[in-house]
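S.K.: Take this sequence and fold it.
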Amino acid sequence: MSHAPALLVIAHGSRDPRHAATVHALVARARTLRPGLRVETAFLDFNTPSVGQALSSLYLSGVREVVALPLLLTRAFHAKSDIPAALAESTARLPGLSVRVADVLGPSPLLLSALDRRLAEAGLTPADRATTAVVLASAGSTDPEAIAAIAETAREWRHTGWCAVRPAFASAALPRTEDAVRALRAEGFARVAVAPYVIAPGRLPDRIAAGAEAAGADVLADVLGAAPELASLLLRRYDASAAAAPARLPALSA
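M.R.: The predicted model follows:
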């Protein structure tokens with residue numbers, strides 16, 4: 001594995017210290033699954049190292065091939081704009097550095113498995129599926145592609161046996177978590193669970209939890225965090241990108 005491209009996991013970043021701690025725990029778990037693979041972490045905002053700092057450090061240590069993996073569940077603004085811009089700046093500055101961009105994490109059956117894991121940890125059993133309605137609560141986005149992806153994930157998850165799965169959003173889109181919980185109650189579902197479809201704690205996940213409590217949800221799952229399914233998914237996205245023919249970063253419009 002010594003000649004394999006390094007993996008740079010690019011997280012959003014947050015003022016909330018729980019965010020970076022969770023990201024580092026997830027990346028550490030991925031490292032243990034793939035001994036010998038160089039795995040580093042960078043952040044778009046609030047935390048260090050930045051993408052440029054992380055790539056400079058890799059470059060100075062002799063790395064010339066990198067797979068950049070957006071630690072994002074959907075292809076929204078960060079995946080389409082911020083990350084390509086940060087990578088383009090570094091590749092222009094570091095001669096001979098080749099960076100491939102892996103796909104975002106969603107959609108994936110592994111994410112559904114991680115959601116199931118968190119609900120099980122919150123007390124639901126497989127027998128509860130048929131009588132439990134679930135709110136799939138995401139951070140939210142103004143990007144129609146991201147909103148559609150969340151809705152599709154809810155549909156896919158519903159097919160695994162839950163009696164209902166509805167998407168909700170902590171910001172930028174509707175419905176809010178509390179409104180989705182109340183709507184399911186009004187439809188007659190006796191047990192309503194909220195499953196945060198977010199990777200790390202922070203302001204928006206706290207808003208999801210507050211909405212679940214305000215509406216009287218019966219179960220609130222934890223964020224996805226360093227779930228083993230997520231660690232496996234990081235490596236799956238890395239492998240798919242590392243195996244592909246090298247591609248140039250898309251040109252950015254002025």
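S.K.: is it true that Arg118 touches Leu220?
M.R.: No: counting by Cβ atoms under 8 Å, Arg118 stays clear of Leu220, with 9.6 Å between them. All C-beta spots, glycine's among them, are computed from the backbone N, C-alpha and C.
S.K.: Output the helix or strand hosting Leu58 as CSV, nothing but the C-alphas.
M.R.: Using DSSP states H and E, Leu58 maps to helix 51-60. Taking C-alpha atoms only, helix 51-60 is exported to CSV below (Å, rounded to 0.1, in the frame of the first residue of the first chain):
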residue,chain,number,x,y,z
VAL,A,51,-7.3,22.1,2.9
GLY,A,52,-4.3,24.1,1.7
GLN,A,53,-2.4,23.4,4.9
ALA,A,54,-3.1,19.7,4.9
LEU,A,55,-2.1,19.4,1.2
SER,A,56,1.1,21.4,1.8
SER,A,57,2.0,19.0,4.7
LEU,A,58,1.4,16.0,2.6
TYR,A,59,3.4,17.4,-0.3
LEU,A,60,6.3,18.3,1.9
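S.K.: List the buried residues in it.
M.R.: Buried positions in helix 51-60, judged by neighbour count with 16 or more other Cβ atoms under 10 Å: Val51, Ala54, Leu55, Ser56, Leu58, Tyr59.
S.K.: what does stretch 195-204 give?
M.R.: Within stretch 195-204, the residues that count as buried by 16+ other Cβ under 10 Å are Ala195, Pro196, Tyr197, Val198, Ile199, Ala200, Pro201, Gly202, Leu204.
S.K.: Output the below-cut-off pLDDT ranges for the chain.
M.R.: Along the chain, the model assigns pLDDT under 70 to residues 1-2, 77-79, 245-254.
S.K.: Could you pull out the strands in it for me?
M.R.: Assigned by DSSP state E, the chain shows strands spanning 6-11, 39-43, 65-70, 98-101, 132-138, 164-169, 191-196, 219-220.
S.K.: Just the CA trace of the fifth one, in CSV.
M.R.: It refers to strand 132-138. Output of strand 132-138 as CSV, limited to C-alpha atoms (Å, rounded to 0.1, in the frame of the first residue of the first chain):
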residue,chain,number,x,y,z
THR,A,132,-42.5,3.1,14.2
ALA,A,133,-42.6,6.2,12.0
VAL,A,134,-39.2,7.9,11.5
VAL,A,135,-38.2,11.5,10.8
LEU,A,136,-35.0,11.6,8.8
ALA,A,137,-33.7,14.9,10.0
SER,A,138,-30.9,16.5,8.0
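S.K.: so of the strands of the chain, which one's packed in deepest?
M.R.: Most buried of those, by mean neighbour count (mean count of other Cβ atoms under 10 Å): strand 132-138, with a mean of 28.
S.K.: Ala120: neighbour count?
M.R.: Residues lying near Ala120 (other Cβ atoms under 10 Å) number 13.
S.K.: Look up how far Thr142 lies from it.
M.R.: 33 Å (Cβ to Cβ, to the nearest Å).
S.K.: One more: Glu178?
M.R.: 21 Å.
S.K.: Repeat that for Ala242.
M.R.: Relative to Thr142, Ala242 is positioned 32 Å away (Cβ to Cβ).
S.K.: So which of the two has more stuff around it?
M.R.: Applying other Cβ under 10 Å to Ala242 and Thr142 shows that Ala242 carries more neighbours, namely 19 against 11.
S.K.: where exactly do the helices run in the stretch 51-200 of the chain?
M.R.: Chain-ordered helices for the stretch 51-200 of the chain, with DSSP state H, counting those that start in this stretch as the definition, fall at 51-60, 77, 83-93, 109-121, 144-158, 177-186.
S.K.: packing partners for the fifth one?
M.R.: Contacting helix 144-158 under the criterion 3 or more Cβ pairs under 8 Å, 6 or more residues apart in numbering; DSSP states H and E are the following elements: helix 109-121, strand 132-138, strand 164-169.
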